[in-house]
Structure formats: structure tokens, C-alpha cells
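Asker: predicted structure and sequence below. I'll ask about it afterward.
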Amino acid sequence: MRSTAPARPSSRPARSTATPPPPPPSPAGEPVAQRTLAYHGFRQQIIDARIRPGQFVSQRELMELLKMPLAAVRELVPRLEAAGLIKTVPKRGLQIAPVDLKLIRNAWQVRAMVEREAVQHFAATASPATVTRLVEQHEAILQRALQPEPDAALEKDAQAVDWGLHDTMVDAIGNEILSEIYRVNSLHVRLIRYDADSLRPMQVVPAMREHLDFLHALAEGDRAGALARMMAHIEQSKHRVLTGMLQTQ
């Protein structure tokens, strides 16, 4: 296994084919700062797997990729460095966080810590209607994944349902600081998952089944069982990533 070597870096970023959607407006209705737009654009590039772990980019390449002025990109860089998403390498430029065992361990540890609190809160506060809606969404994705014919939109829709559940639980706590920590860590997780890109479609079925086990425990009022199932799901997702990295070397 690659323990310290970064994924094969590309000399230039993949070109975006669509402008990322803007973030929601501020509560006061004021225009969103360009640096915030740039950050949301960078985040969308990771979500859409257009930026690879270990890849080197220049500020001007980021400007082209995000369709933002150079001033906004320059303001963005310190925020990305503070989040550990990029680092400056002398004479080479900006490097997207490479994937190694330390990053995997740290990202999943943060994920488990935050989601343990989120699951306990969600189990105590989620309405039966909310749980029923989530079950229906997951069952629909699972049925599509089990069809013999390929579904071009399956992976994207499955990821929206998958991450939507986790985001919903964390945001339900109502702690903006915790939600931001979770969102940044989710970007690390998504960078890591990119290395197992060829295996992602194969991961939909087990992920949906694990989520449904968790949701059925919630529906039955089994809070302890729900927590155990979610923690097991997070551990299994880490195992799938590690397995994917081994198989794609």
C-alpha cells in the first residue's frame, strides 16, 4: 500500500465544465464575498472529483478553474492551507493534500467523533416522518443499484443521499462551528475516496444497506442499536477505501 507517497499528481487541474452553484445568501442579504465564492467553488471541484489528491496547481490555474479573479484566489489560499486542503511547495506551487495513511486515520477519527454526537442527538429529535422519508430515499437508491442494467446517474444520486444523511444529522445539532469542522473534514474524506474512484459504483449497495440498518433501528426506537450501526458503517467505509486503494495500485 502507498503509505506516504501521494496519488499520481497532474501538472494541470482538470478543466471545469460547469460553473459551481453559488453558496446560499448571507442572512443579512448582503453580497457574498468573492473569497467565499472561491471557497465554495473549490469545495465543489473536490465533490465533483475534478481535483486530484497530490495534484500541483498554480494560483493562476486555480483562477481559471474556479472562474474567479486572482485577488479572490490569493485570499482563498490561506484558508485552504489552514484547513489542510493544500500546502505551498517551494518552486513547485500549491499541492492538493496527498492521500496517505495518516490522513485517512485522522479524517475518519474526526468523522467518528462528530457523528457519534450527531447520531445521539438525531435519534432523540428526528421525527418519524423524517426517518420515513430517509428510508424511502435509501430504498429507492438501493433498488436502482440492484438493477441489472447500468444507471449513469446512480453514483451521483447515491452520493447525494449518502452524504445528505450525514450532513442532516450533523446540522441538526445546531452548532455552526461543529458543522464547519465536519464540512472541512468531509472534503478530506472525499479526496481520499477519489483514489478508489473505479470501485465507487460497487460501494453503493453496501453503503445503502448499512444506512438502512441504521435508519430501521431509529424507526424502531432503538437508539443504542442505531448508534452501533452508524459507527460500524463509518468503520466499514474506511475499510472499503483502504481496500480500494490496494486494488487500484
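Answerer: Thanks, I have the structure now.
Asker: output the below-cut-off pLDDT ranges for the chain.
Answerer: 1-32, 193-202, 244-249 (pLDDT under 70).
Asker: swap the cut-off to 80 and go again
Answerer: Scanning the chain for pLDDT under 80 picks out 1-33, 35, 48-49, 150, 193-202, 243-249.
Asker: strands of that one, start to end?
Answerer: 56-57, 86-89, 93-96 (DSSP state E).
Asker: centre of the chain to the first one, how far?
Answerer: Its chain's C-alpha centre lies 21 Å from the corresponding centre of strand 56-57 when counted by CA atoms, centre = their mean, to the nearest Å.
Asker: got a list of what residue 96 touches?
Answerer: Going by CB atoms under 8 Å, 6 or more residues apart in numbering, residue 96 touches 9, 51, 52, 53, 54, 55, 56, 57, 85, 86, 191. In short, each C-beta sits where N, CA and C put it, glycine included.
Asker: tell me what it is bridged to.
Answerer: Following DSSP bridges, residue 96 is listed with bridge partners residue 86.
Asker: contacting residues around the residue nearest to residue 68 when sequence neighbours are not counted?
Answerer: Of all residues not flanking residue 68 in the chain, residue 38 sits nearest, at 4.6 Å (CB to CB, 6 or more residues apart in numbering). Contacts of residue 38 were listed using CB under 8 Å, 6+ apart, and they are 66, 68, 72, 73, 75, 76.
Asker: skipping adjacent residues, who's closest to the first one in space?
Answerer: Right, the one you point to is residue 66. Using CB to CB, 6+ apart, the closest residue to residue 66 is residue 41 (4.1 Å).
Asker: was I right about that neighbour contacting residue 64?
Answerer: No: counting by CB atoms under 8 Å, residue 41 sits too far from residue 64 to count as a contact (11.4 Å).
Asker: what residues are shared contacts of these two?
Answerer: By CB under 8 Å, 6+ apart, no residue touches both residue 41 and residue 64.
Asker: so for the two, which residue has more residues nearby?
Answerer: A count of neighbours by other CB atoms under 10 Å puts residue 41 above the other of residue 41 and residue 64, at 23 against 15.
Asker: list the contacts of that one.
Answerer: 20, 65, 66, 67, 68.
Asker: how far away is the second one from residue 160?
Answerer: It stands for residue 65. 23 Å (CB to CB, to the nearest Å).
Asker: pick out whichever of those two has more residues nearby.
Answerer: residue 65 (20 against 13).
Asker: list the contacts for residue 97?
Answerer: Contacts of residue 97 by CB under 8 Å, 6+ apart are 53, 54, 84, 85, 86, 87, 103, 188, 191.
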